[in-house]
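Colleague: Turn this into a model:
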Amino acid sequence: MAFGYLVTGLLVGFLVGLTGVGGGSLMTPLLVFLFRCKPVVAVGTDLLFAAITKCGGVLIHHGKHKSVNWRIVGLLSLGSLPGSLLTLFVLRHFAKLGQAQNRIISTSLGVALILTALAQLVRTRLARMASERELKSPQTDGFRTLATITTGCLIGVLVTLSSVGAGALGTIALLVLYPRLPTLQVVGTDLSFAIPLTLLAGLGHLQLGNVDVSLLGNLLVGSLPGIWAGSLLSAKIPDRFLRPILASVLFVIGLKLVM
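Modeller: Next up, the predicted model:
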């Protein structure tokens, strides 16, 4: 089984490097359906996996590209971290009810995957609409600040429940709220925002007993060469082919989990 986990880490790392889609939307369903992990264990393990793997990306974006907008990271965290803590508090209550917690996680994962799939399909259109709206009637700083904190809170709840959303949905939120933000800064800022959120949520799940440490180690070892290989090939495969296929797969998996 350890070999299977290594291969899974390799595959997910490759797809993340190839498509830029967050690992949670790929890793968690694979753990649930391929390896028959309980949804709560798959989510908890993937949260710590995401926190660790994203650190390398942030080091590059902050150190080499200087492409992290720390003000936006702070605003998103003002909402996401309290949202995550509140969600962990609720999950602790449902942990006493056994199967109830598992069902909540499973349904939340399905909803998050469906939202992620839709985000992949409308991402470009939303970004264009946001840019056009910004030219006609720019948002006030006060509204943008409040909307950023509120969005962070919603993503914090969703990520803690499903491990999905910090990457795909976070990027969409930044494109809509900050249409003038350069693409490189969108990626760097979203990566930086995701680390404290996934770390806090992952440690919370660890405390609840929802993390498989051995599984986590195998996934990490496999993912590193996968991300490297996927990144090398990403420029050679047209994005317009990859995203619809990936979105369709995530949508079907999401429907299966919800139903």
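
Colleague: got the buried residues for the helix or strand residue 143 falls within?
Modeller: Under the criterion of DSSP states H and E, residue 143 resides in helix 141-162. By 16 or more other Cβ atoms under 10 Å, the buried positions in helix 141-162 come out as 145, 147-149, 151-153, 155-162. Any C-beta I mention is one placed from the backbone N, CA and C, and that applies to glycine too.

Colleague: wait, which of those is closest to residue 36?
Modeller: Nearest to residue 36 among the buried residues of helix 141-162 is residue 162, at 18.1 Å by Cβ to Cβ.

Colleague: Which neighbouring residues are in contact with that closest one, exactly?
Modeller: Each residue near residue 162 by Cβ atoms under 8 Å, 6 or more residues apart in numbering is listed here: 24, 28, 43, 105, 108, 109, 111, 112, 113.

Colleague: Just the angle for the helix or strand hosting the second one relative to helix 141-162, thanks.
Modeller: In the assignment (DSSP H and E), residue 28 maps to helix 24-33. Taking axes from the mean of the first three to the mean of the last three Cα atoms, to 10 degrees, one finds helix 24-33 and helix 141-162 inclined to each other by 20 degrees.

Colleague: residue ranges with poor pLDDT in the stretch 101-250 of the chain?
Modeller: Applying pLDDT under 70 to the stretch 101-250 of the chain flags residues 101, 134-135, 137, 230-243, 245-247, 249-250.

Colleague: all helices in it, in order from the N-terminus.
Modeller: Here the stretch 101-250 of the chain has its helices, by DSSP state H, counting those that start in this stretch, at 141-162, 168-177, 183-207, 213-233, 239-258.

Colleague: Quick one: distance of the first one to the chain centre.
Modeller: Relative to its parent chain, helix 141-162 has a centroid offset of 14 Å by Cα atoms, centre = their mean, to the nearest Å.

Colleague: Can you tell me the closest non-neighbouring residue to residue 218?
Modeller: With Cβ to Cβ, 6 or more residues apart in numbering as the measure, residue 5 is the residue that lies nearest to residue 218, at 3.7 Å, once sequence neighbours are left out.

Colleague: ok, that neighbour - contacts?
Modeller: 35, 215, 218, 219, 222.

Colleague: Most neighbours out of the residues you listed, which is it?
Modeller: residue 219 (27 neighbours; other Cβ atoms under 10 Å).

Colleague: what about the closest residue to that residue other than its chain neighbours, which helix or strand?
Modeller: Using Cβ to Cβ, 6+ apart and skipping residues adjacent in sequence, the residue nearest residue 219 is residue 9, 4.0 Å away. Here residue 9, judged by DSSP H and E, is contained in helix 2-19.

Colleague: Give the rounded mean pLDDT of that helix.
Modeller: The pLDDT scores in helix 2-19 average 74.

Colleague: so residue 40 touches residue 206, yeah?
Modeller: No. Shown here, residue 40 and residue 206 do not form a contact pair, counting by Cβ atoms under 8 Å, at 11.7 Å.

Colleague: higher neighbour count, the two?
Modeller: In this view residue 40 and residue 206 are compared by other Cβ under 10 Å, and residue 40 has more residues nearby, 24 against 16.

Colleague: which ones are touching that one?
Modeller: Residue 40 neighbours (Cβ under 8 Å, 6+ apart): 101, 102, 105, 205, 208, 210.
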